[in-house]
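what follows is a predicted structure for the sequence shown.
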Protein chains: 2
Amino acid sequence: MANQESTVSMLSERAQHLFKALVESYIENGQPLGSRTLARSAGLSLSPATIRNVMADLEDLGLIVSPHTSAGRVPTARGYRLFVDTLLSVRPPDGRVLHELRSRLDPDQDAKGLVESASSLLSAVTQMAGVVTVPRRDQSALRQIEFLPLSDRRVLAIMVMNEKEVQNKILHLEREYSASDLQQAANYLNAMFAGKGVSAVRDSLLRELDAVRADMDRMMRSAIELGGKVFASGSEAEDDGYVLAGEANLFDYQELSDIEKLRQLFDAFQQKREILHLLDKSISAEGVQIFIGQEAGYSVLDDCSVISAPYSVDGRVLGVLGVIGPTRMAYERVIPIVDVTAKLLGAALKSRN
Amino acid sequence: MANQESTVSMLSERAQHLFKALVESYIENGQPLGSRTLARSAGLSLSPATIRNVMADLEDLGLIVSPHTSAGRVPTARGYRLFVDTLLSVRPPDGRVLHELRSRLDPDQDAKGLVESASSLLSAVTQMAGVVTVPRRDQSALRQIEFLPLSDRRVLAIMVMNEKEVQNKILHLEREYSASDLQQAANYLNAMFAGKGVSAVRDSLLRELDAVRADMDRMMRSAIELGGKVFASGSEAEDDGYVLAGEANLFDYQELSDIEKLRQLFDAFQQKREILHLLDKSISAEGVQIFIGQEAGYSVLDDCSVISAPYSVDGRVLGVLGVIGPTRMAYERVIPIVDVTAKLLGAALKSRN
DNA sequence: CCTTGGCACTCAGGGGAATAGAGTGCCAAA
DNA sequence: TTTGGCACTCTATTCCCCTGAGTGCCAAGG
């Protein structure tokens, strides 16, 4: 990790400059750079031969490689890493993009809508794939709960969370509950738990369930049983998911055009598991995180980079969003976009009251 | 359209037999068939030369083509059409598949869950892409409605439909409503409309709104205003969507391996518009519909076939499901799968009471 | 009249071989 | 330390040739 520092310190000013120019040019054009072209584009009036010497050094350091003998040089994952960590001059997203993000993250949608918007915005703005994990609900506050009897010992539980989200769940019960039982249970649970976070509610209920004491009256017992079922830990649509958008954009990058690799990537999108694990790593990070190529540790992402950032409300991290694209991506443009989108999504989720 | 009949009547028994054998073999192996191979595989003891004569006839009729001079023959779209319409011997899905479909379409999920299961089942069982349109809600019955005040003249409306589905919508109101206003409005609407279909409710409300009469008391007026907003025709997640699964399976077919075409196909999946239009054509059909290649009328689907069938509850068609794959697909296997899945989905959606 | 064997013909695909072009590394001179 | 020169290495492209599969047509045979 401190590697980059030592690496960068081994580079002369000039070498850094050339390296930066090389990476930027490659990111823009996707063509390996030869010494001649670099000599021309880098501004320093040096001959190709000189440039070659520098490039040889850079190659020794593992920052660039030639795909083959006669093909110029291309940044390695390590090269991108150095570039991103120490040479990158990020620039804030341009006004139009910012405006679009802001206006399309309309706080008047429910959480699901916001998440979908964020994902498709990320993909549209970056021309890569956008991904947003479904917000955790663990600490969202219960506002109200209600039970509706269905036939056959089944009950529909409806919970309003957080002022705005509605969740529901069908409970299979061991015995009959009358309509008034259900009503009373709802009243009791509302009185006890309204305003509390879901995990807090779950904990309390578990404790109570643990020792359903004889001194409880029937009503209370019903309420606790029902509540226990509602908040059973497998509760609800879990954090199992993310919303992906713009996968098809990835078709456009030649470096991903190996159909077999692409298929594996799409499979991974569908399985979700690996992608979720990766995003999870980012959930406890402070700001934007960047995984370049094999750094992610998943072979399907070997030719990809992932830029991610957690989004949060009131300091509580609810999820992660990000962008998946080829390692050769316009980091200086994408990073701030991911950053600001995370902030805007957090803000949009917050102003729901 | 009566074309197939006339076409088939022009074919001798033997020609039909050979054609069928050719199509079946091509579907199975994906290799163009030459006269020699066909002569061997078709059972009839005929020499390749004879077969060639027949094949020439079939080619004249537009049922088969050779990709190039020395490559045997392949069915055309028209050939597949004839095959499907008059030569196909469908066989019921095998027991294991049937069992899997039945057991995974657990009626105890909500509609959304069922639709997703159906889609991914279709894709898993056929190894192609599965698609299910979101069920129409127009004729689903309102069971109960409730209003929850949010801050700032906004109200969360919660509707329970059809015994099991929960929908919600945020209303922006022009004036304040007190908690008891809301309660009374809900009571009124419940009393008036519980059990009615959504479209019926909408119609009634529109009539009432049209002439909000002076003789209404304040409470009634509030209720009708609120109801009008809830059921405003842009109401809710509309019929705008479908659930797609297993798109990545399509990577595996060489005949779709042109990356450019594939990209367009995935784009179309994302846009949804064209695919939905196509599926719409099937919504009024009696049973399974089959679109082969260009028949669909969308160029992105030129190399694909779509097998679809409407699914319904109590005779009311709620949506369409189907499978998208290469024109070279195992029709005799896929058709009954789509058919039975539609029926099972309908049944699963029905038994929600 | 249908069927068959024979034959000439066509064409895609694969395997070199030759070529052009890009870029390198190294060396010696400035 | 920089630079020009030079030999060298590869890739990618093109061309050619060949093989194998398959065809269409024709004339002979049942």
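Nice, thanks for sending it over.

next, the contact list for the residue of the stretch 201-350 of chain A found nearest DNA strand D, please.
Among all residues of the stretch 201-350 of chain A, residue A:254 sits closest to DNA strand D, at 11.3 Å; criterion: Cβ to the nearest atom of the strand. C-betas here are computed from N, CA, C, even on glycine. Residues near residue A:254 by Cβ atoms under 8 Å, 6 or more residues apart in numbering or on different chains: residue A:30.

for it, give me phi and psi.
Reported as degrees, to the nearest 10, the phi and psi values for residue A:254 are phi -60, psi -40.

could you measure from residue A:296 over to residue B:172?
To residue B:172, residue A:296 is 43 Å away according to Cβ to Cβ, to the nearest Å.

neighbour count winner among these two?
Using other Cβ atoms under 10 Å in any protein chain shown as the criterion, residue A:296 and residue B:172 rank with residue A:296 on top: 21 against 11.

dump the residue contacts of the more buried one.
Residue A:296 makes contact with A:278, A:304, A:306 under the criterion Cβ under 8 Å, 6+ apart.

again, only using 6 Å
Residues in contact with residue A:296 (Cβ atoms under 6 Å, 6 or more residues apart in numbering or on different chains) are residue A:278.

what sits closest to residue A:289 if chain neighbours are left out?
Excluding its sequence neighbours, the residue lying closest to residue A:289 (Cβ to Cβ, 6 or more residues apart in numbering or on different chains) is residue A:282, at 4.4 Å.

count residues in the vicinity of the one you found, would you?
Neighbours around residue A:282, by other Cβ under 10 Å: 23.

so who does it touch?
Contacts for residue A:282 (Cβ under 6 Å, 6+ apart) come out as A:289, A:308, A:320.

show me what the second one is bridged to.
When bridges are taken as DSSP bridges, the partners of residue A:308 come out as residue A:289, residue A:322.

quick check: it vs DNA strand C, distance?
Residue A:308 sits at a distance of 34 Å from DNA strand C (criterion: Cβ to the nearest atom of the strand, to the nearest Å).

mind checking how far that residue is from chain B?
Distance, residue A:308 to chain B, by Cβ to the nearest Cβ, to the nearest Å: 22 Å.

check that residue and give its pLDDT.
Each residue has a pLDDT score; the one for residue A:308 is 97.

cool, and residue A:42?
pLDDT, residue A:42: 78.

and for the one 4 residues further on?
Model confidence at residue A:46, given as pLDDT, is 87.

tell me the residues of chain A that contact DNA strand D?
Counting by Cβ under 7 Å from any atom of the strand, chain A comes close to DNA strand D at A:45, A:46, A:47, A:48, A:49, A:50, A:53, A:68, A:69, A:70, A:71.

quick check: the residue of the stretch 101-250 of chain A nearest DNA strand C.
Nearest residue of the stretch 101-250 of chain A to DNA strand C: residue A:127, at 25.9 Å (Cβ to the nearest atom of the strand).

quick one, what contacts that residue?
Each residue near residue A:127 by Cβ under 6 Å, 6+ apart is listed here: residue A:249.

for the top helix by length along chain A, buried residues please.
Longest helix of chain A, by residue count under DSSP state H: helix A:331-350. Neighbour counts over helix A:331-350 (16 or more other Cβ atoms under 10 Å in any protein chain shown) mark A:331-342, A:344-346, A:348-349 as buried.

same deal with stretch A:99-108?
A:101, A:104, A:105.
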